[in-house]
Structures are given as structure tokens and as C-alpha cells.
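> structure of the sequence below:
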Amino acid sequence: MEKQTIEEFKEESNIEIIKSLMKMHNGYITSKELTNLGIHRMYLNIMWKKGMVERVGNGVYMDPNIIEDFYYIFNLSMPNTIFSHMTALYFHNLSNKAPSKEYDITVRKNYNSPHLKDNDVFYVSDDIYELGLIEVETPLGNKVRAYDKERCICDIIRSKKRMDLELVKYSVKEYVKRKDKDLIKLSKYADAMGIKEEVMNYIEVFCD
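Residues are numbered from 1 along each chain as shown. Below you'll find the model as predicted:
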């Protein structure tokens, strides 16, 4: 979400400000955003009791008239996570399996949260945590944090023992077919992750 300042809404009531912010952010608002604007969270509770918003995540509220975007809600609720592996490949149209509510996510190696437990979590060092980090659109058009295609291919090869090997093979085959693939970037990522030989050997098999 883009940052706003309270001065932009100085002529409006707090509830009107919240409604305006929700319109700007595809029908969503977080309690943290209100705190940053100096608006008490009790206004969200008032709106919730009146049916004006729905509580859909940890500190995340939604307009009840829109379709719930589970990926976006998760990203808002868990700002220290990045969609990765097969979940991110689904956003890139490189997976033949749509994710359930159990997501592949990557976090820094020292990060911990009770909300991680129902997901497939991958822990990485700080030096590669943001490698290949971009924003992608969910099927409902909201932007979430995820890794790009090349980072995802490196990840699934690196973590193939934890994954369905047939899904890994499918994604690599589809990646190799893509006109927008970037093998130079892939090689650089693999080198940074210490798996260059393994990744390039794997890619070579499917390029034949």
C-alpha cells in the first residue's frame, strides 16, 4: 500500500478517511496504516460492528462487497514473508497446480511467527532474501511480494528434495520454453546461491 499523510484527508471524519483509504487500496485497510496516520484502531472496530468492514486477517480489514483475495490478505498480514517456489511460479504461469491456502513462502533465517505454521516455509540468509524480489499480480489484480521466475527456478531445484519432483520437472520444462526467460540472470542467481553448477546442469537436460 502507498503511504498517505493525514493532511490529505483533513476535511473528513475518521470513518470517512478509512473509507477513502479502502477505495484507494482495492477495498482493503490495515490497522497499522491507521496507526501511522494517528487514527485510533477503535474506528475499525466500530465499522466492523456495523458491518461496514470485515476482519479477514491479522490487522487486515476488507470491504464486505468485494471478493476476498487470500494471497493479498496473507501478504498484508505477514509483511516479512515473500511468496516463493511453487506458489510464486503459479503467479508466473509456470506451475500446473494452483496453491491451496498452504503457501510456499520464504523468510529471513531468524524470523519466526506462529502464523507461519500452516505454510511451507523456507528460511534463507539475509544476502539472498531479496534476490529476485518483485511485485506480481494475484488472479484478482492485487499486487503481492514474490520472487521472479529465475529466482523461483533456482529455489525449486535447490529444494527439490522437499518438493514433488514431477512438479519441479514441469516448471523447469515450461520455463525453458518461455520466450521471456533470462538464462544470464538465472546463472547469476544460481551463482549467488551457491548452486550454479546444479542449476545449469538441470536446465541443460531440459534444453535438449
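
> now do the end-to-end distance for stretch 149-165.
Its start and end residues considered, stretch 149-165 measures 18 Å (CA to CA, to the nearest Å).

> name the residues that touch it?
If you take CB atoms under 8 Å, 6 or more residues apart in numbering as the criterion, stretch 149-165 is touched by 84-86, 88-89, 92, 94, 106, 120, 122, 131-133, 147, 167-168, 171-172, 175, 178, 180-182, 185-186, 189-190, 193, 195, 198-199, 202-203. C-beta: built from backbone N, CA, C; applies to glycine.

> what about 7 Å?
84-86, 88-89, 92, 94, 122, 131-132, 147, 168, 171-172, 175, 181-182, 185-186, 189-190, 193, 195, 198-199, 202 (CB atoms under 7 Å, 6 or more residues apart in numbering).

> in it, what counts as buried?
Buried residues in stretch 149-165, defined by neighbour count with 16 or more other CB atoms under 10 Å: 149-160, 163.

> what of stretch 52-67?
For stretch 52-67, the neighbour count (16+ other CB under 10 Å) marks Met52, Val53, Glu54, Val56, Gly57, Gly59, Val60, Tyr61, Met62, Asp63 as buried.

> show me how the record splits this protein into domains.
Domain segmentation of the chain under automatic domain parsing yields 6-67, 72-207.

> between those domains, which gets the lowest average pLDDT?
Note on the domains of the chain: domain 6-67 shows the lowest mean pLDDT, a mean of 86.

> strands - which of the contacts of stretch 149-165 land there?
Under the assignment DSSP state E, those contribute Phe122, Tyr147 to strands.

> and the contacts of stretch 149-165, which are buried?
Applying 16+ other CB under 10 Å to the contacts of stretch 149-165 flags 84-86, 88-89, 92, 94, 122, 131-132, 147, 168, 171-172, 175, 181, 186, 189-190, 193, 195, 199, 202 as buried.

> just the ones in helices from the buried residues of stretch 149-165, please.
Lys149, Glu150, Arg151, Cys152, Ile153, Cys154, Asp155, Ile156, Ile157, Arg158 (DSSP state H).

> give the contact list for Tyr175.
Leu94, Lys149, Ile153, Lys181.

> again, only this time at 10 Å
Applying CB atoms under 10 Å, 6 or more residues apart in numbering to Tyr175 gives the contacts 89, 92, 94, 149-150, 152-153, 156, 181, 183, 186, 203, 206.
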